[in-house]
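**Q** Just a sequence and a predicted model for now, questions to come.
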Amino acid sequence: MSHQASLRQKEIIQYEFNRIFQEQNSEASLNFPQVAKLLIEKNNKKIFEKINKFISKQSYQKNEFEDLKIEFTRQEVFTVLLMMYLNAFEKQNNCDNRSGFNQINMERIKQSNTIQAQQKLKCIHQYFVNFYEQVLNDEIKLESIQTKIQQLEYEREELDKRIKQLKDCQNDIRNSMNQKKIKEDEIIEFIRRVDQREFDYKFTGDSCQMYLNQGKCEDFQNSILVNFADKNVGGLSLDDKNIAQEEILMLTHPEAIISMLFMKPMAKDEAVLIKNVIRFNDYIGYESTFRYKAEKYFDSQIIENNKEPIKNDILCMDALYYSDWISQFEDKFIKRELKKSYIAFSLAIDQSEKESISTGKWGCGIFNGDSELKFLIQWLTFSKALQKNLQKNKEIQDNFNNQQNLNQNTQEFLKGMQKQDYQQQSRIHQQYSENQNRRDQNTQNQLQLDQQQSDNQNNRFLYFSTFGDEGCERLIRRYLNKREQLENINQFIINLQKDCKNMKY
């Protein structure tokens, strides 16, 4: 496994934020630099230790099957993005730094004059302002008011009225903080799954619930959004030109951008899940027509109607690039995509509590993937991943029932033994009973927790978005008229292969 370069902080950081507030008429511009500096000084050591430890784990994987996880609070993610914006990271040894990929700072888009770079910066700038105003600003106000209260209490007789006004204001702010929809200590998880086990390409049983969506993947809110990712998670999000599907997901969910710091390129048997990132921005267009929508997300009806912000999970699975379109129908490439998507969907089903997974034309843009083939592959592997999960849930239920029966039989046996006249034997079994009851209770509690968690996994749905492609929609609708057996879906793929071989010759 290739070694991933560890990170360190540059010795000199210029705390320059003027560009953020050029288009903002905000009070945040007055206190933002000081708050940013304090956050970086407070969190940077812990952040570097956490990131470098995760990088090291990826470089020295020992197990055949392993989920690697890293967690940050929202405040820590905000701090990391600040440091990326200030060009504060550098790698300790040379690492692959091809154009646009593996960017760990934002200098490239800050120095570029392209429209795409300017739009990317607007998304990131608005995230900084929103997070500051929604989370940090109230804390600063609260601290300031508390200081004034302490000063005024020395002159209590003359200033009682003023103190009461300030305390009322203080309570209002505290109530406002308690009602905030974004909590700075919420956890964001970044999970990398490595599964090098042999993959069983036999498909039997019923297919999953599959639904067609004519729009975009992100039409489904509070869902798992499939990122048609480059093997470098984050893709070209921090270069100065490209804004395709992966870059759009990162720019509308800026908290996910920090994965570019510590996620090494995905291998053929790996997938990445980013959990609980908030959608901070909206947009229109795609690639050269992409534009950040100027209206503030947090001033929208979502907040006015007292609803929660949109919190999505992002599932990253990279597709293969085909310079020769016909080659994707070869067995070896189909098997690669089957295993890749199965690993990704299994990761999402195992690790996420969200019911719906929203996917689409995976690798069907500049990677030249065939949308019909990619639809069938995802339908097949999601069904199989869900099937495996349901089998695991049944084993948990059976284990739970068996444990309850064992507990009941043990109690009946001990009661029978205690009726005998052997005092010593009774004392021994009484002690055994007490110890066994404690162990059984602990086991039962754990089984109940496992059962509760597994029940949440049963109702899962897959949505396939066509992004307005009417031809693709017509193809997909042919398959969705009825619930297919997995053997039939596999046969559809074989038929496609035969048709393409005939085209080739």
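**A** Yep, that arrived.
**Q** Which parts of the stretch 51-200 of the chain are helices?
**A** Assigned helices in the stretch 51-200 of the chain, in chain order: 74-85, 107-111, 115-131, 137-152, 156-178 (criterion: DSSP state H, counting those that start in this stretch).
**Q** Next: the chain.
**A** Along the chain, the stretches classed as helices by DSSP state H are 28-59, 74-85, 107-111, 115-131, 137-152, 156-178, 245-252, 259-262, 301-304, 331-351, 371-418, 423-455, 470-479, 486-504.
**Q** who's in contact with the third one?
**A** Right, helix 107-111. Here helix 107-111 makes contact (C-beta atoms under 8 Å, 6 or more residues apart in numbering) with Arg19, Tyr85, Asn87, Gly100, Ala117, Lys120, Leu121, Leu238, Asp239, Asp240. For glycine as for every other residue, the C-beta is placed from the backbone atoms N, C-alpha and C.
**Q** Let me see the mean pLDDT of it.
**A** The average pLDDT for helix 107-111 rounds to 92.
**Q** do the same with the fourth one
**A** Summarised as a single mean, pLDDT over helix 115-131 is 92.
**Q** now that helix, how far from the chain's geometric center?
**A** For helix 115-131, the distance between its averaged C-alpha position and the chain's averaged C-alpha position is 21 Å (C-alpha atoms, centre = their mean, to the nearest Å).
**Q** name the helices or strands packed onto that helix?
**A** Contacts defined by 3 or more C-beta pairs under 8 Å, 6 or more residues apart in numbering; DSSP states H and E place helix 115-131 against helix 74-85, helix 107-111, helix 245-252, strand 291-292.
**Q** Please identify the deepest-packed of the helices of the chain.
**A** Using mean count of other C-beta atoms under 10 Å, the stretch among these with the largest mean neighbour count is helix 245-252, at a mean of 25.
**Q** Can you dump the C-alpha atoms of that one in CSV for me?
**A** The C-alpha coordinates for helix 245-252 follow below in CSV (Å, rounded to 0.1, in the frame of the first residue of the first chain):
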residue,chain,number,x,y,z
GLN,A,245,-21.5,16.3,-10.1
GLU,A,246,-18.8,15.6,-7.5
GLU,A,247,-17.6,19.2,-7.3
ILE,A,248,-21.3,20.4,-7.0
LEU,A,249,-21.9,18.0,-4.0
MET,A,250,-18.7,19.3,-2.3
LEU,A,251,-19.6,23.0,-2.9
THR,A,252,-23.2,22.6,-1.7
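**Q** so how many other residues sit close to the nearest residue to Leu261 once chain neighbours are set aside?
**A** What sits nearest to Leu261 in space, not counting adjacent residues and going by C-beta to C-beta, 6 or more residues apart in numbering, is Ile104, at 5.4 Å. Summarising burial for Ile104: neighbours were counted as other C-beta atoms under 10 Å, giving 21.
**Q** any idea how far Ile104 is from Gln92?
**A** Ile104 sits 12 Å away from Gln92, going by C-beta to C-beta, to the nearest Å.
**Q** ok, now Phe367?
**A** Shown here: Phe367 relative to Gln92, a distance of 33 Å by C-beta to C-beta.
**Q** low-confidence ranges in the stretch 401-505 of the chain?
**A** Segments of the stretch 401-505 of the chain classed as low confidence (criterion: pLDDT under 70) are 401-459, 481-483, 503-505.
**Q** if you set the cut-off to 90 instead, what comes out?
**A** Under the criterion pLDDT under 90, the flagged ranges of the stretch 401-505 of the chain are 401-461, 466-505.
**Q** can you list residues touching both of Ile104 and Gln92?
**A** Leu7.
**Q** which residues does Lys388 contact?
**A** By C-beta under 8 Å, 6+ apart, the residues touching Lys388 are Ser346.
**Q** Please shift the residue numbers so they start at 44 in all later answers.
**A** Happy to do that; since the first residue is 44 now, the last one works out to Lys431.
**Q** so what's the residue most central in space within the chain scoring on pLDDT?
**A** Taking C-alpha atoms, centre = their mean, the centroid of the chain lies closest to Ile317, which sits 1.9 Å from it. Per-residue confidence at Ile317 stands at 98 (pLDDT).
**Q** was I right about it contacting Phe233?
**A** Yes - here Ile317 lies in contact with Phe233, judged by C-beta atoms under 8 Å, at a distance of 5.5 Å.
**Q** Need the residues touching each of those two.
**A** In contact with both Ile317 and Phe233: Ser302, using C-beta under 8 Å, 6+ apart.
**Q** quick one, which of the helices of the stretch 94-243 of the chain is nearest to Ile392?
**A** Put simply, out of these the one that sits nearest Ile392 is helix 117-128, at 25.0 Å, with distance taken as C-beta to C-beta.
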